[in-house]
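[1] No letters, just coordinates:
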C-alpha cells in the first residue's frame, strides 16, 4: 500500500503504526535532507567558502581566524538554537527530552507531551499525534 513505506499499515479493519518503521523512515529522510545541504555546500567554489572561527572586530567587520576580514553593511547570523530547560524540570532526568532527541528514538513512545508553542513544538506535536 501507499502508506507502508511510512510505517503505517492499513487493512480493511485496522490501522497499525509500526514505530520502528516510522523512525527508520524519519532518520532516512533526515539523512537525505542533510545530504542535500552538504552536497550543495561542497559544490560551492572553494574561494566562496570560508571556514574558521569568526568574531566581530567592529560593527561592520568580521574576522575569521587570524587571516581573513570581511566587511559588510550587515550580517545574518544563523547559529541554530537550543531549548531552555527550566530548573524545576531538571528532576525529570532522562524523561525530559529536547527536539533533537526525537531523531535518536528507535521507535515511537506510547505517550509523549510536547511543550513549547514555537514552530518546532507545533511541528513535533502534529507529527507525533
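    Received it, and whenever you're ready, just let me know what you need. From a predicted model like this one, the values you see are computed outputs, not experimental measurements.
[2] Name the strands paired with the helix or strand encompassing residue 57 and say parallel or antiparallel.
    Element membership of residue 57 [criterion: DSSP states H and E] is strand 54-58. With DSSP bridges as the test, strand 54-58 is paired with strand 61-64 (antiparallel).
[3] now the protein, which segments are flagged as low pLDDT?
    Low-confidence segments of the chain (pLDDT under 70): none present.
[4] and the strand holding residue 57, how far from the chain's centre?
    When C-alpha coordinates are averaged (CA atoms, centre = their mean, to the nearest Å), strand 54-58 and its chain have centres 27 Å apart.
[5] what does stretch 79-91 give?
    16 Å.
[6] Start at 501, not 1
    Okay, residue one is now 501; in that scheme the one you just asked about reads as stretch 579-591.
[7] ok, residues contacting it?
    Outside of stretch 579-591, the residues within contact range by CB atoms under 8 Å, 6 or more residues apart in numbering are 596, 598, 599, 616. C-betas here are computed from N, CA, C, even on glycine.
[8] Could you look up the SS state of the most centrally placed residue in the chain?
    The residue lying closest to the centre of the chain (CA atoms, centre = their mean) is residue 600, at 5.8 Å. For residue 600, the assignment made with DSSP: H, G, I helix; E, B strand; the rest coil gives helix.
[9] Look up how far residue 559 lies from it.
    33 Å (CB to CB, to the nearest Å).
[10] got it, and residue 545?
    29 Å.
[11] Can you name every helix or strand that the top helix by length along the chain contacts?
    Longest helix in the chain, counting residues (DSSP state H): helix 519-543. Packing partners of helix 519-543 (3 or more CB pairs under 8 Å, 6 or more residues apart in numbering; DSSP states H and E): none among the helices and strands.
[12] what does that helix rub up against?
    505, 506, 507, 508, 549, 602, 603, 605, 606, 607, 608, 609.
[13] What subset of the residues you listed is buried?
    With neighbours counted by 16 or more other CB atoms under 10 Å, the contacts of helix 519-543 contain buried members at 507, 508, 602, 605, 608.
[14] Mind listing the residues bridging to the second one?
    If I follow you right, that is residue 508. Taking DSSP bridges as the rule, residue 508 bridges to residue 517.
[15] returning to that earlier point: just flag the most distant two among the buried ones among the contacts of helix 519-543.
    Farthest pair in the buried ones among the contacts of helix 519-543 (CB to CB) is 508 and 602. Separation: 17.7 Å.
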